[in-house]
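Undergrad: Make a model of this:
(4 chains)
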Protein chains: 2
Amino acid sequence: MTASNAFDKGGIIQQRNLVDQVADYLTQAIISQYYTPGERLSEVQLARDLGVSRAPVREAARLLESRGLLVSQPRRGFFVRALDAAELNDIFDLRLCLERHALARLVETYDAEKEAALRSQVELMCEVALHDNDSRKIEEDLVFHRMVISFSGNQRLLKAYDDITHELRLCIALIGKTHADPDSISTSHWPLLDALASGDPDQCREAIDYHIGVAQHYVVKGIGEAL
Amino acid sequence: MTASNAFDKGGIIQQRNLVDQVADYLTQAIISQYYTPGERLSEVQLARDLGVSRAPVREAARLLESRGLLVSQPRRGFFVRALDAAELNDIFDLRLCLERHALARLVETYDAEKEAALRSQVELMCEVALHDNDSRKIEEDLVFHRMVISFSGNQRLLKAYDDITHELRLCIALIGKTHADPDSISTSHWPLLDALASGDPDQCREAIDYHIGVAQHYVVKGIGEAL
DNA sequence: CGATTGGCGACTGTCGACAGTTTTCCGAAG
DNA sequence: CTTCGGAAAACTGTCGACAGTCGCCAATCG
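TA: Below you'll find the predicted structure:
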């Protein structure tokens, strides 16, 4: 369910829900910075460009608003969300909160199968870091962390994580470059697996605190430079 | 209290969005169990009852869906969300995660002003527990916990908490009775303030773990009996 | 020359309608 | 009496249209 069918903006689309298709298009357009943060989106123009009526556009915009990608002002329409450094820090603080909790739950039920899945994902990330583009690297990184949350067994926790993931994607493109080279991936993800394998909650917490802290520092610094 | 004349939707106040008004009506109708969990909501019938067209109803339903009060099935419409015990446990687990984090952040910036605000809220809750009805007691309880989260300083954390609050309201009415008598409020909330005043993170965590654990046990047991 | 106001254009909020699909209901067959 | 099937009813997805509102720009006044 990732960005496999990235840009199908033409008028060919007719099979799935128009709302979902418009939402996918808008999501891709926003996180790829085709629309700049703070930009106003006109319903009629969007409807014209996509060859649909305004109703699906409005509902898709509402959906993206609930995901934090758009903000709406009454009688004025929708605007691309512009994150500032404070909001970004809050998001990373919440992410830390969620991942800490997920790890604490996961160590209690950790087994060989889960370890193998996480291990192969990290290996995939290292492989991807050598060949593919930045957005692909970031997606695989998010997949890894989503696996961790998912393995914790709490579906509601996973939903909360997915919510902030959308907002994270919103600002990642702003930074432009990623530090997702094989070295940094190895040094920042293997300790997480080691901590899980050790079964020590404190070690897990220490590992995730460091991991999130590095990412937060990098992203917030990048946003500061981009603004 | 039928749908058509439930609120003063008449000609007096027309300046607000119809979407928000419909959303408020639906929220009240759902958490007051006017609509039963799992019930299908017809857009046309809702539009007829409320005297509006389907467009505002659809957008309001989308909004409630993002808040977890409704679920939608393609081509089938919207249904009132029915929570089972597993989902409820997940919600409380996430709530524990959020409140732990909020307390950990709050102890670092705790001051006399915040303490006074929380203290007066607990006193209000004890007062309310003597005179008012159950829903009022629950609302004041939620206000207290929302204050704690808000005082943590993380706006995004507050939003995540508000999200699960909507879902909590969804099942509270199912239980019918609350254990929010003055005694249980005192014994379960004062220790939280004491822990905050002590400035000890471990004591805070212990207090919130016990507090949420009691509430979770009570609510999940209530749901088990209600189903 | 700057501030204010009026008009014009564009846009959102809302509505009713149509087409395709799902559900329901009723009769017939086993 | 139960089950199957088809037609009708109801519903959702989508569309185009209209009215009220907001923002912009120009014309006017101090």
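
Undergrad: secondary structure element for A:F92?
TA: Using DSSP states H and E, A:F92 sits within helix A:85-108.

Undergrad: measure A:L63 to chain B for me?
TA: Separation of A:L63 from chain B (Cβ to the nearest Cβ, to the nearest Å) stands at 7 Å. To be clear about C-beta, it is placed using only N, CA and C from the backbone, and glycine gets the same treatment.

Undergrad: Check that residue and give its pLDDT.
TA: Predicted confidence (pLDDT) for A:L63: 96.

Undergrad: is it true that it touches B:L63?
TA: No: between A:L63 and B:L63 there is no contact under Cβ atoms under 8 Å: 9.9 Å.

Undergrad: Below-threshold pLDDT in chain A: ranges please.
TA: Along chain A, the parts satisfying pLDDT under 70 run over A:1-16, A:180, A:182, A:227.

Undergrad: The longest helix along chain A to helix A:85-108, inter-axis angle?
TA: As assigned by DSSP state H, the longest helix anywhere in chain A is helix A:201-226. For helix A:201-226 against helix A:85-108, the angle by axes from the mean of the first three to the mean of the last three Cα atoms, to 10 degrees is 160 degrees.

Undergrad: Pull out the buried positions in helix A:201-226.
TA: A:201, A:203-205, A:207-208, A:211-212, A:215-216, A:218-220, A:222-223 (16 or more other Cβ atoms under 10 Å in any protein chain shown).

Undergrad: List the contacts of the residue nearest the centre of chain A.
TA: Residue closest to the average C-alpha location in chain A (Cα atoms, centre = their mean): A:T165, at 3.2 Å. Going by Cβ atoms under 8 Å, 6 or more residues apart in numbering or on different chains, A:T165 touches A:L142, A:R146.

Undergrad: Return the set of buried residues in the host helix or strand of it.
TA: Assessed by DSSP H and E, A:T165 sits inside helix A:155-175. Applying a neighbour-count criterion of 16+ other Cβ under 10 Å, one finds A:156-161, A:163-175 buried in helix A:155-175.

Undergrad: go on, stretch A:65-81?
TA: A:E65, A:S66, A:R67, A:G68, A:L69, A:L70, A:F78, A:F79, A:V80, A:R81.

Undergrad: Please apply the same query to stretch A:119-133.
TA: Residues of stretch A:119-133 classed as buried: A:Q121, A:V122, A:M125, A:C126, A:V128, A:A129 (neighbour count, 16+ other Cβ under 10 Å).

Undergrad: What lies in contact with that stretch?
TA: A:136-137, A:140-141, A:143-144, A:147, A:180-182, A:185-186, A:189-190, A:193.

Undergrad: Also stretch A:191-200?
TA: Where contact means Cβ under 8 Å, 6+ apart, the residues beyond stretch A:191-200 that reach it are A:103, A:106-107, A:110, A:115, A:118-119, A:122, A:148, A:203-204, A:206-208, A:210-211.

Undergrad: Now A:V19: phi and psi?
TA: phi -60, psi -50 (degrees, to the nearest 10).

Undergrad: That should have said A:T109, apologies.
TA: With angles defined as degrees, to the nearest 10, A:T109 sits at phi -120, psi 20.

Undergrad: so it sits right up against A:N154, yeah?
TA: No: the criterion here is Cβ under 8 Å, and A:T109 misses it with A:N154 at 11.3 Å.

Undergrad: Please compute how far stretch A:198-217 lies from its chain's middle.
TA: Centroid separation between stretch A:198-217 and its chain, computed with Cα atoms, centre = their mean, to the nearest Å, is 19 Å.

Undergrad: With just CA atoms, put it into CSV.
TA: The C-alpha coordinates for stretch A:198-217 follow below in CSV (Å, rounded to 0.1, in the frame of the first residue of the first chain):
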residue,chain,number,x,y,z
SER,A,198,19.1,-8.9,24.9
GLY,A,199,15.6,-8.8,26.3
ASP,A,200,16.5,-5.9,28.5
PRO,A,201,13.9,-3.1,28.5
ASP,A,202,16.3,-0.5,29.7
GLN,A,203,18.7,-1.3,26.9
CYS,A,204,15.8,-1.0,24.4
ARG,A,205,14.9,2.3,25.8
GLU,A,206,18.4,3.6,25.6
ALA,A,207,18.7,2.4,22.0
ILE,A,208,15.5,4.0,20.8
ASP,A,209,16.2,7.2,22.6
TYR,A,210,19.5,7.5,20.9
HIS,A,211,18.0,6.5,17.5
ILE,A,212,15.1,8.9,17.6
GLY,A,213,17.3,11.7,19.0
VAL,A,214,19.7,11.4,16.1
ALA,A,215,16.9,11.5,13.5
GLN,A,216,15.1,14.4,15.3
HIS,A,217,18.3,16.4,15.4
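
Undergrad: and A:L64, that one's in a helix?
TA: Yes: counting by DSSP: H, G, I helix; E, B strand; the rest coil, A:L64 is located in a helix.

Undergrad: related to what we said a few turns ago, of A:T109 and A:N154, who's got more company?
TA: Each of A:T109 and A:N154 has its neighbours counted (other Cβ atoms under 10 Å in any protein chain shown); A:N154 has more, 25 against 10.

Undergrad: Could you count how many residues lie near the residue lying closest to the more buried one once chain neighbours are set aside?
TA: Excluding its sequence neighbours, the residue lying closest to A:N154 (Cβ to Cβ, 6 or more residues apart in numbering or on different chains) is B:D90, at 4.7 Å. B:D90: 21 surrounding residues under other Cβ under 10 Å.

Undergrad: Let me see the contact set for B:D90.
TA: By Cβ under 8 Å, 6+ apart, the residues touching B:D90 are A:N154, A:Q155, A:R156, A:L157.

Undergrad: With chain B as the reference, measure out to the residue of chain A found nearest DNA strand C.
TA: Nearest residue of chain A to DNA strand C (Cβ to the nearest atom of the strand) works out as A:G77 at 2.9 Å. As defined by Cβ to the nearest Cβ, A:G77 lies at a distance of 13 Å from chain B.

Undergrad: beta partners for that residue?
TA: Beta-bridge pairing for A:G77 (DSSP bridges): A:Q73.

Undergrad: List the contacts of it.
TA: Going by Cβ under 8 Å, 6+ apart, A:G77 touches A:R40, A:L41, A:S42, A:E43.
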